[in-house]
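Peer 1: sequence first, then the predicted structure, then my questions.
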Amino acid sequence: MNTQTRNTQRRHYSVIIFGAIAALLVVGIFVALYAGGGGGGGGIYGAGSSMKGMQMASSSRGQQGAPVATTNVGIRNFGFTPAAITVKVGSTVVWTNDDSVDHTVTFDGNAISSANLGKNDTFSHTFTVPGTYNYICTIHPFMHGSVIVTG
């Protein structure tokens with residue numbers, strides 16, 4: 001192997017290593033900003049998911065921001081939009097994945113859960129019991145949302 005080939009290989013490996021380090025830094029910054037760095041919630045999405053049951057105190061409304069009356073939730077930029085919604089009993093909520101990566105919609109206790117949703121895939125659920133239902137994306141657990149169902 002000649003000197004020029006070795007130098008080319010070294011440059012190639014340097015680019016790969018630099019790219020890997022840059023990717024890890026970007027992921028670390030993203031997790032720190034959106035998951036609060038602790039993996040337990042926090043961050044810009046407010047309250048973490050307790051995963052202890054589907055019926056949660058409605059005090060999470062204030063932590064998630066004022067709920068928006070709608071039945072459609074977008075999944076984009078690694079977040080649920082809007083993150084908190086309020087619907088009446090009997091309403092069907094439809095989640096649409098607008099991201100180019102897979103996501104899920106999984107409620108506390110796993111009683112309600114979607115399959116992996118690819119780009120433009122949808123998942124829907126009809127809520128028949130009043131309460132506050134918190135959910136996450138199991139692939140990206142820093143993604144949180146809630147559905148407040150009123151009687």
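Peer 2: That came in fine, so what should we check first? Since this is a predicted model, take the numbers as computed values, not measurements.
Peer 1: would you agree residue 120 is in contact with residue 100?
Peer 2: No - counting by C-beta atoms under 8 Å, residue 100 is not a contact partner of residue 120; they are 9.9 Å apart. All C-beta spots, glycine's among them, are computed from the backbone N, C-alpha and C.
Peer 1: against residue 141, how distant is the closest residue to residue 123 other than its chain neighbours?
Peer 2: Ranked by C-beta to C-beta, 6 or more residues apart in numbering and with sequence neighbours excluded, the top spatial neighbour of residue 123 is residue 114, at 3.7 Å. Using C-beta to C-beta, to the nearest Å, residue 114 is found at 15 Å from residue 141.
Peer 1: the more surrounded of these two?
Peer 2: Using other C-beta atoms under 10 Å as the criterion, residue 114 and residue 141 rank with residue 114 on top: 20 against 17.
Peer 1: give the contact list for the more buried one.
Peer 2: Going by C-beta atoms under 8 Å, 6 or more residues apart in numbering, residue 114 touches 95, 104, 105, 106, 123.
Peer 1: which one is the fourth one nearest to, not counting chain neighbours?
Peer 2: Spelled out, it's residue 106. Take residue 106 and drop its neighbours on the chain: the residue closest to it by C-beta to C-beta, 6+ apart is residue 113, 4.4 Å away.
Peer 1: next: the second one.
Peer 2: Once flanking residues are discounted, residue 104 sits nearest to residue 138: 4.8 Å by C-beta to C-beta, 6+ apart.
Peer 1: ok, that neighbour touching residue 106?
Peer 2: Yes - with contacts counted by C-beta under 8 Å, residue 138 reaches residue 106, the gap being 4.8 Å.
Peer 1: these two touch, right, residue 140 and residue 103?
Peer 2: Yes - look at residue 140 against residue 103 with C-beta under 8 Å: they come within range, at 6.7 Å.
Peer 1: tell me the pLDDT of residue 32.
Peer 2: Looking at residue 32, its pLDDT reads 43.
Peer 1: sorry, wrong one. I was asking about residue 111.
Peer 2: 84.
Peer 1: cool, and residue 36?
Peer 2: 40.
Peer 1: could you check how far the residue nearest to residue 104 is from residue 114?
Peer 2: 9 Å.
Peer 1: so which bits of stretch 115-132 are buried?
Peer 2: For stretch 115-132, a neighbour-count test (16 or more other C-beta atoms under 10 Å) marks 117, 123, 125, 127, 131, 132 as buried.
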